[in-house]
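Asker: sequence and predicted structure are below.
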Amino acid sequence: MKKISTLFFLLSFTFFLCQEVQLKKVTDSSQTFIGEIGGFPITIHLNYTGVVDCNQYQHYVDGWYYYDKYQKKIPLTGIYNYYGNLSLYNFGNKQKQKSKSLKEQITSLQTVEKTNEIAQKLAPQESIIFEEPSLNKNPIPGHFYRDKKILPIKLFTSDVIIYRFNNYLFLPNNKKINTYDFINKAGGNELISYSSGETGNRVLLYFEQTSNFNACGQCGASDGEKGYRVLYFTKDWNYKKYEEFLTESCWDNIYDTTETKSKDKSTIKYKVGKSDSTPAYTFTVDIKNASIVKSK
């Protein structure tokens, strides 16, 4: 009986260890999409090749597409912009030269907005245009142009951003979520702790992220947004919501926050001064319990 009890304890302890929460950061610089041109299945692969001017989410892309039936790669070059527009071009046997010329002419927000106008002067053999895809719209529609033919094209995705800051949270019960999908696209999260209780589970994150992906825009050159996030889950680790507590912010004008750690370093108390949008307040981070309590 004692051996059985010991074995049960060891199995339970091993299972508990397997139930840990982990955070893994993965930065994508390429994406592969599947879709259709005129009803024919295609695959498009695009690589991020650099920022246009100052904006991280306004960038050059190179890659290829093929019809799935033939799998002959056709080269593409183009621009993704912050508003969700994706413009791609094939210049035939002059792909390399004209791709270089296109990028040399598109160096600012003003020229990005004229991408197709500039590209058409270089006489592309094929153009693929996705204009301002609606958020969370799947598939994303667009148009394919070759000679005088115009065909519908669609990608089976709701997001055509190529460069992505993924922060994956690996959870018990073989579950995985990405903060890119439900918090924001900036990443910058660090796992501090996690806790389970009768009403559900919590994960405590600390984050430091850019204030603005446009380094030339407002707050683009600041020290960024900093603070904590508490993520709430059901008892079986289904995501519910999150709360955010800033310790520094260019957008909210939060600076000079004071920090006091308890002797055992299990809690941290922050005093946040009055900002443009909120009165002064205090919040206490309980690391062991993965919780935060806010007070005046």
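Answerer: Right, received. Where do you want to start? Being a predicted model, the structure only gives us computed values, none of them experimental.
Asker: contacting residues around residue 78?
Answerer: For residue 78, the contacting residues are 60-61, 86-89, 102, 115, 119, 128, by C-beta atoms under 8 Å, 6 or more residues apart in numbering. Every residue, glycine included, has its C-beta placed from N, CA and C.
Asker: can you show me the helices along the stretch 51-200 of the chain?
Answerer: 95-105, 109-112, 115-120, 179-182 (DSSP state H, counting those that start in this stretch).
Asker: tabulate the ones you listed (a markdown table), appending mean pLDDT, distance to residue 188 and mean neighbour count.
Answerer: As requested, those are exported to a markdown table (pLDDT from 0 to 100; distance: least, C-beta to C-beta, whole Å; neighbours: other C-beta atoms under 10 Å):
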| stretch | mean pLDDT | distance to residue 188 | mean neighbour count |
| --- | --- | --- | --- |
| helix 95-105 | 97 | 29 | 15 |
| helix 109-112 | 89 | 25 | 16 |
| helix 115-120 | 96 | 30 | 17 |
| helix 179-182 | 96 | 9 | 17 |
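Asker: take those helices and lay them out in TSV including distance to residue 294.
Answerer: Below are these laid out as TSV (distance: least, C-beta to C-beta, whole Å):
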stretch	distance to residue 294
helix 95-105	48
helix 109-112	39
helix 115-120	46
helix 179-182	21
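Asker: sorry, back to before: looking at the contacts of residue 78, which is nearest residue 278?
Answerer: residue 86 (37.8 Å; C-beta to C-beta).
Asker: quick one: residues contacting that closest one.
Answerer: Counting by C-beta under 8 Å, 6+ apart, residue 86 has contacts 61, 78-80, 128-130, 133, 142, 160.
Asker: so for those, which is the shakiest by pLDDT?
Answerer: Lowest pLDDT within those is found at residue 133 (60).
Asker: still on that earlier bit, of all the helices of the stretch 51-200 of the chain, which lies closest to residue 251?
Answerer: Nearest of these (C-beta to C-beta): helix 179-182, 18.6 Å.
Asker: elements contacting the closest one?
Answerer: strand 164-171 (3 or more C-beta pairs under 8 Å, 6 or more residues apart in numbering; DSSP states H and E).
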